[in-house]
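>>> Everything below, folded, please.
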Amino acid sequence: MAMNSGSKMTNVLLVLLSASVLVTVCTIMYHFVDTSYETETAIRATADESKIFDGIYVRDETILTYDCEGAVSYQISDGGKAAVGDVIAQIYADESAIEAQQQINTLQEKLDVLERISNVGTLEQAQPETLSRQFTEYYKEIVFYKDQEDYDAIALAEEEFLEAYSTYQIVISDGEVSFADQISALTDEITSLEAETSDQIGSITAESAAYFVSHVDGYESKLTIEKLDDITPELLQQVLDADSDSTDSTESDGVIGKTIAAYDWYMLGMIDNQDLKYQVGDTVTLRVLTSSAEATAMIEELRTCEETDDVMVVLHCETMVSDFVQNRVDHVEIVLGEYEGIQVPRDAIRFQDVETTVVDEETGEETTKVVNCRGVYVEDGEEIVFRQLDVIYEGEDYVLSNLNAGDGYLMLYDSIIVEGIDANGN
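Residues are numbered from 1 along each chain as shown. Sure thing, here's the model as predicted:
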């Protein structure tokens, strides 16, 4: 009878143990199958508070003309800067005279190099080791600038390479290498060309420090700083339409281009500012999207317009570089602020009541209250934890949270749950 009772007790224990094991297995399977979460690692990201628009330049521009017949030879390239008295263009009788003069200039440059490296004083001071190191460095520069597609820099590096290498050849040859014959031949060729070439019949010089552009567009007298207050959205649209049509410029006989004062300038354009993020007096960064040019500018005006919800933004800038003078219209980005934080998908954001301690600034007294906070759920080991967000930037489908918000807030590399959890953390 005792043995029978013991057997029943053993059976009961086995049943209970089996049930416990079954519950444990089911729980594990439930977590793996029914409560699996899709997560995303919290990473560092940057964002700009910016808008993109077509910006129209308003500058002080002076049209350059000449009153004689002939062909124009530009001495300063588009976007180049001219100092007071610099020759911007030379006028010749015809195109053949310009071509001959260009050939003379090229030959003269070669002659100058050969005479310089053949100079006794230069050769006495030159050291083979120094020259070898120099032309090796110039060769590396040629390769580097080739990769950068900077052709002006390549030409300069090639010239310096040839000069250093040629000097090196003379120095190590103990007088056996000489460029006397080449110097004589170049001199004769230059003399012959000069005898056959007509002299220039005129020139255009810069009256003040300015940038030069070889084309005009007809708005030089309309889009001026003096007439800034009279510029309307209709005029801006007219300029944009003309620019998109790529119509020919209004150049006429005797017009060779224009100079642009190397001082401050304005940019105008239409932007959506219904959220009122941009205010008069804000300092912004202005970026030209077709180049690497950027400059600091200030919002001087935000003019409301009757027939549109957009506003006309008037930007003032005091930084002038070549990229800001070559076009009338540029596709630009106006950057109000740059932010760096932890990127959080909007789909992952949840709200939860959090008990917060508040300190009275006047008395220093601490009180505790419950605040409904914005945050995300994260996997912390086997636990699901709510972490608050300190949002510093709002994007379209994400936000950025402060990198160093403190305890209880989202941290870098947390596993953010983006799917598989409801607003209550279930």
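>>> Can you show me the strands along the stretch 301-426 of the chain?
In the stretch 301-426 of the chain, the strands defined using DSSP state E, counting those that start in this stretch lie at 311-317, 329-345, 350-359, 366-380, 383-388, 391-394, 398-401, 415-419.
>>> so what's residue 309 scoring on pLDDT?
Looking at residue 309, its pLDDT reads 88.
>>> out of everything not next to it in sequence, what's closest to the residue nearest the centre of the chain?
Nearest residue to the geometric centre of the chain (CA atoms, centre = their mean): residue 292, 4.1 Å. In space, residue 292 comes closest to residue 323 once its chain neighbours are excluded; the distance is 7.8 Å by CB to CB, 6 or more residues apart in numbering. Every C-beta, even on glycine, is put in place using the N, C-alpha and C of the backbone.
>>> same check, this time on residue 142
According to CB to CB, 6+ apart, the nearest residue to residue 142 is residue 157 (4.7 Å).
>>> For residue 386, which residues are in contact?
350, 352, 354, 375, 376, 377, 425 (CB atoms under 8 Å, 6 or more residues apart in numbering).
>>> So what sits opposite the closest residue to it other than its chain neighbours in the bridge?
Among residues not flanking residue 386 along the chain, residue 352 sits closest, at 4.9 Å (CB to CB, 6+ apart). For residue 352, the beta-bridge partners are residue 373 (DSSP bridges).
>>> I'd like to know how many residues surround residue 352.
A total of 17 residues lie near residue 352 under the criterion other CB atoms under 10 Å.
>>> Against residue 311, how distant is the residue nearest to residue 151 when sequence neighbours are not counted?
The spatial neighbour of residue 151 that comes closest, neighbours along the chain excluded (CB to CB, 6+ apart), is residue 145 at 7.8 Å. From residue 145 over to residue 311 the distance is 44 Å, taken as CB to CB, to the nearest Å.
>>> Identify each buried residue in stretch 260-279, please.
260, 261, 262, 265, 266, 267, 268, 269, 270, 271, 273, 278 (16 or more other CB atoms under 10 Å).
>>> The fifth one in helix, strand or coil?
Per DSSP: H, G, I helix; E, B strand; the rest coil, the secondary structure class of residue 266 is strand.
>>> Now find how far off-centre the host helix or strand of residue 97 is within its chain.
Using DSSP states H and E, the element containing residue 97 is helix 95-117. Centroid separation for helix 95-117 versus its chain: 38 Å, with CA atoms, centre = their mean, to the nearest Å.
>>> Quick one: residues in contact with that helix.
71, 73, 90, 92, 122-123, 159, 162-163, 166-167, 170, 179, 182-183, 186-187, 189-190, 193-194, 196-198, 200.
>>> Tell me which of those residues fall in strands.
71, 73, 90, 92 (DSSP state E).
>>> how far does stretch 67-82 stretch from start to finish?
21 Å (CA to CA, to the nearest Å).
>>> buried ones in that stretch?
Buried residues in stretch 67-82 (16+ other CB under 10 Å): 70, 72, 73, 74, 75, 76, 79, 80, 81, 82.
>>> just the helices in the stretch 1-150 of the chain please.
Secondary structure of the stretch 1-150 of the chain (DSSP state H, counting those that start in this stretch): helices at 2-33, 95-117, 120-125, 128-148.
>>> is it true that the residue nearest to residue 292 touches residue 288?
Yes: between residue 323 and residue 288 there is a contact under CB atoms under 8 Å: 5.6 Å.
>>> Between these two, which is the more surrounded one?
Neighbour count, other CB under 10 Å: between residue 323 and residue 288, residue 288 has more, with 19 against 16.
>>> Now the more buried one: closest residue in space, sequence neighbours ignored.
Per CB to CB, 6+ apart, closest to residue 288 is residue 330, 5.1 Å.
>>> Over to residue 59?
With CB to CB, 6+ apart, the residue lying closest to residue 59 is residue 265, at 4.4 Å.
>>> Can you pick out the most distant pair from the buried residues of stretch 260-279?
Farthest apart among the buried residues of stretch 260-279 by CB to CB are 262 and 273. That separation is 31.2 Å.
>>> quick one on the thing from earlier: just the buried residues of stretch 260-279: which has the poorest pLDDT?
Within these, lowest confidence goes to residue 262 (76).
>>> backbone phi and psi for the closest residue to that one other than its chain neighbours, please?
Computed as CB to CB, 6+ apart, the closest residue to residue 262 that is not its neighbour in sequence is residue 209, at 4.9 Å. With angles defined as degrees, to the nearest 10, residue 209 sits at phi -60, psi 130.
>>> tell me the secondary structure for the nearest residue to residue 242 once chain neighbours are set aside?
Nearest residue to residue 242 in three dimensions, chain neighbours excluded: residue 217, at 7.4 Å (CB to CB, 6+ apart). Following three-state DSSP, the label given to residue 217 is coil.
>>> Residue 217 touches residue 238, doesn't it?
No: the pair residue 217 and residue 238 does not pass the contact test of CB under 8 Å, sitting 11.6 Å apart.
>>> Which one's more surrounded, those two?
Taking neighbours as other CB under 10 Å, residue 217 and residue 238 compare with residue 217 leading, 21 against 13.
>>> so where is the stretch 301-426 of the chain shaky, pLDDT-wise?
Scanning the stretch 301-426 of the chain for pLDDT under 70 picks out 422-426.
>>> Neighbours of residue 227, how many?
Count around residue 227 with other CB under 10 Å applied: 12.
>>> mind checking pLDDT for it?
So residue 227 comes in at 94 (pLDDT).
>>> how near is it to residue 268?
12 Å.
>>> what does the average pLDDT come to for the helix holding residue 97?
Mean predicted lDDT for helix 95-117 stands at 81.
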